[in-house]
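Colleague: Test case, fold it:
(chains A, B, C and D)
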There are 2 protein chains.
Amino acid sequence: MPAMPQAAPDAATRARLTAAAIGLFTRKGYAATSVREIVESAGVTKPVLYYHFRSKEGIYLETLREAMEEFRSLLDSFAPCDEPVDAQLRRLCSALHDLFLRRLDLVRLVHSILYGPPQGAPFFDFHAVHEQLVDSIRRLVRIGVERGELGGADEEGMTLAVVGAFNAVSETEMLHPRRGCGRERLNRTLTVVLRGMRAGERP
Amino acid sequence: MPAMPQAAPDAATRARLTAAAIGLFTRKGYAATSVREIVESAGVTKPVLYYHFRSKEGIYLETLREAMEEFRSLLDSFAPCDEPVDAQLRRLCSALHDLFLRRLDLVRLVHSILYGPPQGAPFFDFHAVHEQLVDSIRRLVRIGVERGELGGADEEGMTLAVVGAFNAVSETEMLHPRRGCGRERLNRTLTVVLRGMRAGERP
DNA sequence: GTCTATACATGGATAGAC
DNA sequence: GTCTATCCATGTATAGAC
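Modeller: This next block holds a predicted model:
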């Protein structure tokens, strides 16, 4: 019975390589990480990496795709519900914040590539993931306006205000990585922003 | 009369080098920019660069220091006044937004280093400039609270909300660099946030 | 101060044996 | 699949003449 999918004999080697790679890429960036470092950190030799992945770009793209799945799946799983939209926005931002804290190095890398100069790293479509995040918030805002829970005709301004509040806290977290103290900060910042978004305020 | 400061004979050469360097560093990043590219872009040869600056790190740090002066001086020149704080906050953000648009590549570089992995670039204290920016906003918020123009005891939340709104617009600008359309967007986003910061709203 | 030519290290990638 | 040994391009930096 040949060619049974017997859990791939070399799966362990691949896994060690991807783990080493994602760690180094996210902590040092693409250009500053050498193939030598990756293979040493994984306890293998160079040809092993080039056998399993085709190149440095190859292992970079594959490990990143894998790592970004977690973000995509969180956003995909977030379906709007009957709850008041301000509470939903808080829940979404809070869940994202938890994930960001757990993968802070990855978030750093994404941030630097999304907003920074190319730095020689091969193209990866972080933009799409970021758009998905913004769209999730935009959709909730729109629902809030339709329901009459949020006021003003400026959906885009409200969306940017929420995204901004979330980003400001995330970026503070990146600058001062003292684990966990940001959850309450996020809530308080959102309180300010959401107060400006409620319907029925004086103009 | 020896050693008169006759405008430095080689000032032009230095200027061409720094101009070429800042352009390449901000567009490509530190690691992805080679000394060869810099000198070719400046129309000189390698030893000229090593004579005037001591190394690649040297010209990087010196050109950045020079470029960041513009940001520092804008922040230094902004003194709080009698105007209502919401208008002052709008003015400050608007002035910063103009500067960001003019130096978008530089902002990108700063962003990627401030929030991203080290990438092998030598240390430059962007953090201090960023703190100065946040402090300028924080100071205005505090004044607003003291005057009773802004409500709530949460000065930090309000500061982050304003910083976030500004950053969200700046980052949108970095992602979609279509010149100029962001000014009104900034104003509208600030409108949402500032509405949430006014005194006398229902809790 | 500015050139030509070059030293020297590092990094990505592969050949060929096992 | 995994190893040893090596190729080759690129990059920083400098020696030494002018």
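Colleague: So for A:E173, what's the nearest residue that isn't a sequence neighbour?
Modeller: In this structure, A:E173 finds its nearest non-sequential neighbour in A:G182, 4.8 Å apart by C-beta to C-beta, 6 or more residues apart in numbering or on different chains. For glycine as for every other residue, the C-beta is placed from the backbone atoms N, C-alpha and C.
Colleague: Wait, that neighbour touches A:L96, no?
Modeller: No: assessed by C-beta atoms under 8 Å, A:G182 is found out of contact with A:L96, at 11.8 Å.
Colleague: So which bits of chain A are right by DNA strand D?
Modeller: A:9-10, A:13, A:44-48, A:51-52 (C-beta under 7 Å from any atom of the strand).
Colleague: what's the neighbour count on A:E62?
Modeller: Using other C-beta atoms under 10 Å in any protein chain shown, A:E62 has 18 neighbouring residues.
Colleague: I'd assumed A:T18 was in contact with it.
Modeller: Yes: judged on C-beta under 8 Å, A:E62 makes contact with A:T18 at a distance of 7.1 Å.
Colleague: Just the buried residues of stretch A:137-144, please?
Modeller: By 16 or more other C-beta atoms under 10 Å in any protein chain shown, the buried positions in stretch A:137-144 come out as A:137-142, A:144.
Colleague: Inside helices: which ones of those?
Modeller: When the buried residues of stretch A:137-144 are checked against helices (DSSP state H), the matches are A:137-142, A:144.
Colleague: SS state for A:P80?
Modeller: What DSSP: H, G, I helix; E, B strand; the rest coil gives for A:P80 is coil.
Colleague: How about A:R179?
Modeller: Using three-state DSSP, the secondary structure recorded for A:R179 is coil.
Colleague: Look up how far DNA strand D lies from the nearest residue to it once chain neighbours are set aside.
Modeller: Using C-beta to C-beta, 6+ apart and skipping residues adjacent in sequence, the residue nearest A:R179 is A:L101, 7.0 Å away. Plainly put, A:L101 is 34 Å away from DNA strand D if you go by C-beta to the nearest atom of the strand, to the nearest Å.
Colleague: Could I get the buried residue list for the helix or strand hosting A:L101?
Modeller: According to DSSP states H and E, A:L101 maps onto helix A:85-102. For helix A:85-102, the neighbour count (16+ other C-beta under 10 Å) marks A:85-86, A:88-90, A:92-93, A:96-97, A:99-101 as buried.
Colleague: Ok, stretch A:28-44 next?
Modeller: Result for stretch A:28-44 [16+ other C-beta under 10 Å]: buried residues A:28-33, A:38-39, A:41-42, A:44.
Colleague: what mean pLDDT would you report for it?
Modeller: For stretch A:28-44, the mean pLDDT works out to 98.
Colleague: Contacts only, for the residue nearest to A:R198 when sequence neighbours are not counted.
Modeller: For A:R198, ignoring the flanking residues on the chain, the nearest one in space by C-beta to C-beta, 6+ apart is A:G151 at 6.1 Å. By C-beta atoms under 8 Å, 6 or more residues apart in numbering or on different chains, the contact set of A:G151 is A:145, A:197-201.
Colleague: can you redo those as CSV with neighbour count, secondary structure and pLDDT?
Modeller: Below are these laid out as CSV (neighbours: other C-beta atoms under 10 Å in any protein chain shown; DSSP: H, G, I helix; E, B strand; the rest coil; pLDDT from 0 to 100):
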residue, neighbour count, secondary structure, pLDDT
A:V145, 19, helix, 97
A:M197, 29, coil, 98
A:R198, 17, strand, 96
A:A199, 12, coil, 93
A:G200, 8, coil, 76
A:E201, 15, coil, 57
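Colleague: need the residues of chain A near DNA strand C, please.
Modeller: Chain A comes close to DNA strand C at residues A:33-36, A:46-47, A:50, A:54-57, as judged by C-beta under 7 Å from any atom of the strand.
Colleague: Now for the residues you listed: which two are most distant?
Modeller: A:T33 and A:P47 (18.3 Å; C-beta to C-beta).
Colleague: now the helices for chain A?
Modeller: Under DSSP H, chain A gives helices at A:11-28, A:35-42, A:46-52, A:56-77, A:85-102, A:104-115, A:126-147, A:155-175, A:182-195.
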